[in-house]
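Peer 1: Just a sequence and a predicted model for now, questions to come.
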Amino acid sequence: MGFRVRLAVERDTPEVLALLTEHMPDGDARLRHAWLYEQNPGGHALTWLGEDDATGALAGLTSFFPFRLWQGGAVVRGALGGDGYVRPAFRRRGLGAALHAASREAMIASGIECMYGAPGPMNVTPLKHGGSRQIAEVARWSRPLGRVGLHLPATGHALDRAVAALLRPRRDLGHLDPVGVDDRRVDDVWASTRPEIRLGAVRDAAFYAWRFGRAPAQRQAAFVVVRHERAIAVCALEPLGTDVRIVDLLAAPDAWRHALRAIAAHASDGGAETLDLKLLACDGHDRALWRNGFVERERKPYLVMVAPGAPAGSPFLDPARWFYTGADSDLDTLA
């Protein structure tokens, strides 16, 4: 028994919504579909459906979410892979790999240069079988902001005050200001930082308005980092219990330390005990995040899929070029 894989069309939307509801039962499939599949400034999603040959039953799906990528000083079309799901009755028959292989075969016709991301554990093997390559690892970097962040018990003595003083973020004359509608400061920061980005998602005002302003969960808030009355960075933060995750941070290399200090002070003032962010492991080391109090924690695979026939020296396969953060994700909340 086998499967037939085809590209979804508009009349398939009810079936796509049904599969998304099964895949993410705790979310609202309609809101996710409107935001991620239809409103994305990179373009409408491309979805492939798998049907059982014997019965014609819909068995699974996978999707590409187009992202505008800044590569070599120009905008090209890439995509995040996501929503890979096979119904339980059809698993362990190779459908996941077949869906990913079909999406790879369609890349050239779809004008997509690469698919990239840090998938969940269940999707790593099917993606590799479908043509993806692991080129790097994504690392989580963590900075303690308080006693709990260091896993220290309360003593009620001077030691607590000493630890708090040691971990207190330096006030560096910077503060966070919420991103407004069509905030030109985001475009200004993007224009000043994109020459430093060799390969990464376009992070302009349109991207921020969609990725964070219109996200269904509304748990990731975007801010401009202001220092000496000048916008030096743009970031997005999500509170996770006593932790604050830096979902995205866009800043010129010489502004990263000032931006991280301002973010740490903002998180500490809000009662956070830990601040963390995700970057490619090689990028985090190159930025010497340890100098800002960050320690590397766990890692996960970073995969890239290029179109059939792409040269072995494709820039998309060079981990040193990539700028990747949690904003390069199809998830609008980490909670």
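Peer 2: Nice, thanks for sending it over.

Peer 1: Surely A251 touches T193?
Peer 2: Yes: taking CB atoms under 8 Å as the definition, A251 is a contact partner of T193 at 6.3 Å. All C-beta atoms are positioned from the backbone trio N, CA, C, and that covers glycine.

Peer 1: what about the residue nearest to P121 when sequence neighbours are not counted, which SS state?
Peer 2: Spatially, and ignoring its direct neighbours in sequence, P121 is nearest to K300 (8.0 Å; CB to CB, 6 or more residues apart in numbering). Under DSSP: H, G, I helix; E, B strand; the rest coil, K300 falls in the strand class.

Peer 1: ok, K300 - how many residues close by?
Peer 2: 16 (other CB atoms under 10 Å).

Peer 1: ok, now which ones touch it?
Peer 2: A118, P121, E137, V138 (CB atoms under 8 Å, 6 or more residues apart in numbering).

Peer 1: Just the buried subset of the residues you listed, please.
Peer 2: A118, V138 (16 or more other CB atoms under 10 Å).

Peer 1: possible to save the contacts of K300 as JSON lines with pLDDT and distance to E22?
Peer 2: Listed next are these as JSON lines, based on pLDDT from 0 to 100; distance: CB to CB, whole Å:
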{"residue": "A118", "pLDDT": "95", "distance to E22": "23"}
{"residue": "P121", "pLDDT": "89", "distance to E22": "19"}
{"residue": "E137", "pLDDT": "98", "distance to E22": "30"}
{"residue": "V138", "pLDDT": "98", "distance to E22": "27"}
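
Peer 1: Narrow the contacts of K300 to those in helices?
Peer 2: Counting by DSSP state H, the part of the contacts of K300 found in helices is P121.

Peer 1: Closest one of the contacts of K300 to L334?
Peer 2: Closest approach between these and L334, by CB to CB: A118, at 12.7 Å.

Peer 1: What residues does the closest one make contact with?
Peer 2: A118 makes contact with V138, K278, K300, P301, Y302, L303, Y324, S329, according to CB under 8 Å, 6+ apart.

Peer 1: Backbone torsions only: list them for the nearest residue to the first one once chain neighbours are set aside.
Peer 2: Looking back up the chat, that one is V138. Counting by CB to CB, 6+ apart, A118 is the residue found nearest to V138 once chain neighbours are left out, at 4.4 Å. A118 adopts backbone torsions of phi -120, psi 90, taken as degrees, to the nearest 10.

Peer 1: how about the closest residue to L199 other than its chain neighbours, what does it touch?
Peer 2: Distances taken as CB to CB, 6+ apart place R321 nearest to L199, at 4.0 Å, with adjacent residues excluded. Shown in contact with R321 (CB under 8 Å, 6+ apart): R198, L199, P315.

Peer 1: among those residues, who's most crowded?
Peer 2: Counting by other CB under 10 Å, top hit in these: L199 with 21 neighbours.

Peer 1: In contact with H23, which residues?
Peer 2: D83, Y85.

Peer 1: Where do the helices of the stretch 1-150 of the chain begin and end?
Peer 2: Along the stretch 1-150 of the chain, the segments classed as helices by DSSP state H, counting those that start in this stretch run 13-23, 29-32, 95-105, 107-110, 121-129.

Peer 1: Quick one: closest of those helices to G174.
Peer 2: Per CB to CB, nearest to G174 of those: helix 29-32, 34.3 Å.

Peer 1: what kind of secondary structure is A310 in?
Peer 2: Taking three-state DSSP as the rule, one finds A310 in the coil state.

Peer 1: distance of it from D83?
Peer 2: Distance, A310 to D83, by CB to CB, to the nearest Å: 24 Å.

Peer 1: where do the strands sit along the stretch 201-335 of the chain?
Peer 2: 221-227, 230-240, 243-251, 274-280, 295-306, 322-323 (DSSP state E, counting those that start in this stretch).

Peer 1: Turn the ones you listed into a markdown table, including distance to S268.
Peer 2: Output for these, formatted as a markdown table (distance: least, CB to CB, whole Å):
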| stretch | distance to S268 |
| --- | --- |
| strand 221-227 | 15 |
| strand 230-240 | 12 |
| strand 243-251 | 9 |
| strand 274-280 | 8 |
| strand 295-306 | 17 |
| strand 322-323 | 26 |
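
Peer 1: Looking at these, which is nearest to G130?
Peer 2: Within the strands of the stretch 201-335 of the chain, the stretch nearest G130 is strand 295-306; the backing value is 7.3 Å (CB to CB).
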